[in-house]
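Trainee: A structural model of the following input is requested.
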Amino acid sequence: MQNSITKAPVLLITFNRPDYTIQVFEKIRQAKIKKLYIANDGPREGNIEDQKAREEIKKIIDSIDWDCEVHTLFQEKNLGCGWGPANAITWAFENEDKLIILEDDCIPSLSFFDYCFHCLEKYKNDTRVWLISGRSHHQGSKFFNDSDYIFSHYGHTWGWATWKRCWKHFDMRMEDLPKFLKIGGAVNVLATEEQGKLYNKIYEKLFHDRENLQTHAWDYQLGYAILKNGGLSIVPSKNLIHNIGAVGTHSKSETSVHKMGASEDYKIKREPKFVIVEREYEILHFNSHIRKIFGFMPLYRKIIRKVKRIIGF
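Mentor: Okay, here's the model as predicted:
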């Protein structure tokens, strides 16, 4: 499979955590990625530790010792954990039509890269498919009995890939949300009314709090762009990303998603026969994961927790 695949460039999004960055970077080194984009958000004003972290990250970049075309973006000012990643992705897509995207706390397995390479090539012209996710929360479930990946409206961005044809629809401010909600919004798309109403509520809160919540998020806005266009995500049968962003700080539970390791023995051998949503899978994922995150926690608390994870509080 690998020999016939056109390799894709990787975008690594960083800020002030060189100790995390080096772990992701090492996997990129092992994969010998041929083209690498590295974006670094600017230090917060007057924050000496941010400035020191930037210098450490520059040293990591300088340590590249394989054949690799490198492009860097060092922001002058701090854009934050919403506009920072969004601008970084837009910047990389100025020169690319496909990207694998990693944040500095998302350690991929080597299998993740081949998986992304394969799917990016296979579905490059299939406008139904918008996101290739490295996360899999239900390994070993019946939904993967017949294929090594499935399609869902739920695709997480802790290690993912997409195309420029999809990212061009991204709108940080979700300007057309009122029209979307007026005709029913997510209720018209997701498997159950409960799911649709919850996501309508999330998007509405983001839309009306543009100077606070919205500036601290970008992935919810991406999810909205995918949802309103009827896009699907690819979910692998095994988890391929180990997220270390909450280790020892915000997650101590043995059942936490941060405890999920990244599989190194994943290969695509069984392709799905149809590009259709596994609705029963979506109900399971909503009840066991999404509802726990949003159903019992106000959105502002979820985003604040995310901000603290990113800036290292």
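
Trainee: any idea how far residue 26 is from residue 98?
Mentor: Using C-beta to C-beta, to the nearest Å, one gets 23 Å for the distance from residue 98 to residue 26. Backbone N, C-alpha and C define where each C-beta goes, glycine included.

Trainee: And residue 92, by the same measure?
Mentor: According to C-beta to C-beta, residue 92 stands 21 Å off from residue 26.

Trainee: ok, these two, which is more surrounded?
Mentor: Using other C-beta atoms under 10 Å, the more surrounded residue of residue 92 and residue 26 is residue 92, with 25 against 12.

Trainee: List the residues that contact that one.
Mentor: If you count contacts by C-beta atoms under 8 Å, 6 or more residues apart in numbering, residue 92 has them with 9, 11, 37, 39, 71, 99.

Trainee: what number of residues lie near the fifth one?
Mentor: Under the neighbour criterion other C-beta under 10 Å, residue 71 is assigned a count of 16.

Trainee: in which helix or strand would I find it?
Mentor: Element membership for residue 71, per DSSP states H and E: strand 69-74.

Trainee: Give me the helices and strands touching that strand, please.
Mentor: In this structure, strand 69-74 packs against strand 35-40, helix 48-62, helix 80-92, with contacts taken as 3 or more C-beta pairs under 8 Å, 6 or more residues apart in numbering; DSSP states H and E.

Trainee: Strand 69-74 and the longest one, what's the angle between them?
Mentor: Inter-element angle recorded for helix 48-62 and strand 69-74: 170 degrees (by axes from the mean of the first three to the mean of the last three C-alpha atoms, to 10 degrees).

Trainee: Identify the residues contacting helix 48-62?
Mentor: Under the criterion C-beta under 8 Å, 6+ apart, external residues in contact with helix 48-62 comprise 14-18, 21-22, 25, 38, 40, 43-44, 70, 72, 74, 78.

Trainee: Please list only the buried members of the residues you listed.
Mentor: When the contacts of helix 48-62 are checked for burial by 16 or more other C-beta atoms under 10 Å, the buried set is 14-18, 21-22, 25, 38, 40, 43-44, 78.

Trainee: closest to residue 199 among these?
Mentor: Ranked by distance to residue 199 (C-beta to C-beta), these are led by residue 15 at 27.7 Å.

Trainee: which stretches of this structure form strands?
Mentor: Listed from the start of the chain, the chain has strands (DSSP state E) covering 10-14, 35-40, 69-74, 98-103, 106-108, 129-133, 149-152, 160-163, 232-236, 241-243.

Trainee: Dump these to CSV, plus distance to residue 120.
Mentor: Listed next are the strands of the chain as CSV, based on distance: least, C-beta to C-beta, whole Å:
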stretch, distance to residue 120
strand 10-14, 11
strand 35-40, 13
strand 69-74, 18
strand 98-103, 5
strand 106-108, 14
strand 129-133, 7
strand 149-152, 13
strand 160-163, 6
strand 232-236, 10
strand 241-243, 16
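
Trainee: Make CSV out of those strands and add distance to residue 122 and mean pLDDT.
Mentor: Converted to CSV, these look like this (distance: least, C-beta to C-beta, whole Å; pLDDT from 0 to 100):
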stretch, distance to residue 122, mean pLDDT
strand 10-14, 18, 98
strand 35-40, 20, 98
strand 69-74, 24, 98
strand 98-103, 12, 98
strand 106-108, 19, 97
strand 129-133, 9, 98
strand 149-152, 10, 98
strand 160-163, 12, 98
strand 232-236, 10, 98
strand 241-243, 20, 96
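
Trainee: quick one, what contacts the closest residue to residue 184 other than its chain neighbours?
Mentor: Closest residue to residue 184 apart from its sequence neighbours, by C-beta to C-beta, 6 or more residues apart in numbering: residue 196 at 7.5 Å. With contacts taken as C-beta under 8 Å, 6+ apart, residue 196 has the following neighbours: 184, 185, 186, 187, 188, 189, 190.

Trainee: Kindly provide the distance from residue 196 to residue 180.
Mentor: From residue 196 to residue 180 the distance is 11 Å (C-beta to C-beta).
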